[in-house]
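Enquirer: Have a look; sequence and predicted model below, questions after that.
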Amino acid sequence: MKNCGKHKIARVFAALLAAGTLSMTVYGEENTFVPGTTVNGLGISGMTVEEAGAHIGNFYTSEYKLTIRERNRVTETIRGEDIGFTIGLPDGALEEILQKENEAGRVYGPDTDNSYRLELQNTYSQEMLEAKIQTLNCIIGGDIVTTTDAHVSEYQEGEPFTIVPEVNGNNVYPEKVAQAIRDAVAAGDREVDLEAAGCYYPITVTAEDESLKNLCDTMNRCREMEITYTFGEDSEVLDAATICSWLTGTADGEIQLDSEKVAAYIAGLAGRHDTAGTTRTFRAADGREVSVSGKYGWKMDQAAEQQALIGMIRTGQTQSREPQYVSGAALHGAQDWGQTYVEVDLTNQHVYMVKDGAVVWDAPCVTGNAARGNSTPAGIYTMTYKARNRVLRGPKRADGSYSYESPVSYWMPFNGGIGLHDANWRGSFGGTIYKNNGSHGCVNLPPKSVPALYDLVYQGIPVICYH
């Protein structure tokens, strides 16, 4: 009976072992991993730490590749050997696993979990990766189609503008591609999707875009528009053909123009119609024709007018316009000072007030002292303002006093500190007094005559000084 019990126990032990309900202890070498040991799914049973490390590293390194998914089901691959890719384990990780197994009694079997997960550490050549990236077909390939937004066609003489449809190409942002690949390799990923990573140039404007349609309509209106510039009784017409030849396309929902051509056109207008600084012929009160020049006259604000012209063209509407000016005159034409002005005859030392083409006041004068270099400058000016009871002062001396102080009852400046005024310190006017006994540059007038002139003049009236 005793032998029968022993056989029964043996049979139960064998059955339990076959059923996997028992673990076993191995008293083998403590420098190798026990049976059933895996790291990240790779078996390392019976291996030393060094052998296991090499086995894991070789496995991941040899089989690593990054698949790059591109548009139109195209893929490219970067293999581990292309970039010097290796995978290693954290320092001491395998030693820690072996120590744990040894301390647990080197147990193995169906009831024992000897599987482990470790964070792998990737290393690769940054230079090799960057070089590989630059050889990818998605960056330098010959089959790259450039993505373009829908846009308005270029100007062709006699042809209407049309909408050119968008093109959904496959050109990428090279730096975005490079960064997506860098991140994938650094993480040990096996795949990167360029579309999902936002690496492709997007279409932002389609042929159905209402703003684009409106822009095309506006450009076609430009083929029929005219802009008329007016200069008094004269005018110049900017025709549709010239306007359309300036159009360079569209951007940000606006017509774009060749700014140099616009600027050249405006400069041409200014050159033909500006009078400020030019020499003009003036008919004096005594019938003589003399040449005069000066700051007085029309001067176009070219920068402002260029922007205004671009804005008008963008409307596509025919319109008339008077240019913007930095300075103006009484009227347009050769004698833009008009029919009302003050005339100073520097040679004959006489002043005339002309109103509506007729002399309504005149008087002899004394102008700047020629001998002392204080001659009154010839030119066309405008009266800056007029004022009563002023003191005219010369340069200030070191002691704070002035080189001269002259009280006047009527003051009418027209050229900086030079102006018309009464001079009660003089007993005579006209003739050749100015040559040696003239003023500091002003136009001296008889006191009794000045009040009438003062009542006739106004701020901005032309003052014409001539020889």
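Expert: Structure received.
Enquirer: and stretch 143-156, what's its mean pLDDT?
Expert: For stretch 143-156, mean pLDDT is 92.
Enquirer: What are the buried residues along that stretch?
Expert: 147-152, 155 (16 or more other CB atoms under 10 Å). Every residue, glycine included, has its C-beta placed from N, CA and C.
Enquirer: So for it, first residue to last residue, what's the gap.
Expert: Terminal residues of stretch 143-156 lie 30 Å apart, using CA to CA, to the nearest Å.
Enquirer: Contacts made by that stretch with the rest, please.
Expert: Residues outside stretch 143-156 that contact it (CB atoms under 8 Å, 6 or more residues apart in numbering) are 137-138, 161-171, 200-207, 209, 212, 215-216, 219, 244-245, 247, 249-250.
Enquirer: again, 7 Å this time
Expert: 161-171, 201, 203-207, 209, 212, 215-216, 219, 244-245, 247, 249-250 (CB atoms under 7 Å, 6 or more residues apart in numbering).
Enquirer: thinking again about what came up before, next step: the buried residues of stretch 143-156 restricted to helices.
Expert: For the buried residues of stretch 143-156, not one is inside helices, with DSSP state H as the criterion.
Enquirer: Just send the residues you listed back as CSV, with distance to residue 105 too.
Expert: CSV is the format used below for the buried residues of stretch 143-156 (distance: CB to CB, whole Å):
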residue, distance to residue 105
147, 66
148, 71
149, 72
150, 75
151, 77
152, 82
155, 89
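Enquirer: from those residues, which is closest to residue 411?
Expert: residue 155 (59.6 Å; CB to CB).
Enquirer: how far away is the closest one from residue 246?
Expert: Relative to residue 246, residue 155 is positioned 9 Å away (CB to CB, to the nearest Å).
Enquirer: same question, residue 43
Expert: 77 Å.
Enquirer: Which strand in the chain has the most residues?
Expert: Secondary structure of the chain per DSSP state E: the longest strand is strand 405-415.
Enquirer: What are the boundaries of the helices in this protein?
Expert: Using DSSP H, helices in the chain cover 2-19, 49-63, 93-103, 126-133, 137-140, 174-187, 210-222, 240-246, 259-273, 302-315, 433-437, 450-456.
Enquirer: With residue 427 as the reference, name the closest of these.
Expert: helix 433-437 (10.2 Å).
Enquirer: Got the confidence number for residue 10?
Expert: At residue 10, the pLDDT value in this model is 38.
Enquirer: The one 4 residues further on now?
Expert: Residue-level confidence at residue 14 comes out at 40, pLDDT.
Enquirer: before we move on, what about residue 402?
Expert: So residue 402 comes in at 89 (pLDDT).
Enquirer: swap in residue 26?
Expert: pLDDT at residue 26 comes out at 47.
Enquirer: same question, residue 437
Expert: Taking residue 437 on its own, its pLDDT is 96.
Enquirer: which non-adjacent residue is nearest it?
Expert: Residue nearest to residue 437 in three dimensions, not counting chain neighbours: residue 369, with 6.7 Å by CB to CB, 6 or more residues apart in numbering.
Enquirer: about what we covered before: counting only strands, which of the buried residues of stretch 143-156 make the cut?
Expert: 151-152.
Enquirer: Quick check: the residue nearest to residue 437 touching residue 439?
Expert: Yes - judged on CB atoms under 7 Å, residue 369 makes contact with residue 439 at a distance of 6.4 Å.
Enquirer: More neighbours: those two, which one.
Expert: residue 439 (24 against 19; other CB atoms under 10 Å).
Enquirer: who touches the more buried one in this structure?
Expert: 366-369, 374.
Enquirer: which residues does the closest residue to residue 374 other than its chain neighbours form a beta bridge with?
Expert: The shortest distance from residue 374 to any non-neighbouring residue, by CB to CB, 6+ apart, is to residue 368 (4.0 Å). Residue 368 has these beta-bridge partners by DSSP bridges: residue 439.
Enquirer: hang on, residue 368 packs against residue 349?
Expert: No - using CB under 7 Å as the test, residue 368 is too far from residue 349 to be in contact (11.1 Å).
Enquirer: Any chance you could list residues touching both of those two?
Expert: With CB under 7 Å, 6+ apart as the test, residue 368 and residue 349 both reach residue 434.
Enquirer: where in the stretch 301-450 of the chain is pLDDT low?
Expert: For the stretch 301-450 of the chain, not a single residue meets the criterion pLDDT under 70.
Enquirer: how about the strands in it?
Expert: Secondary structure of the stretch 301-450 of the chain (DSSP state E, counting those that start in this stretch): strands located at 319-321, 325-327, 341-345, 350-355, 358-364, 379-382, 387-393, 405-415, 418-422, 443-445.
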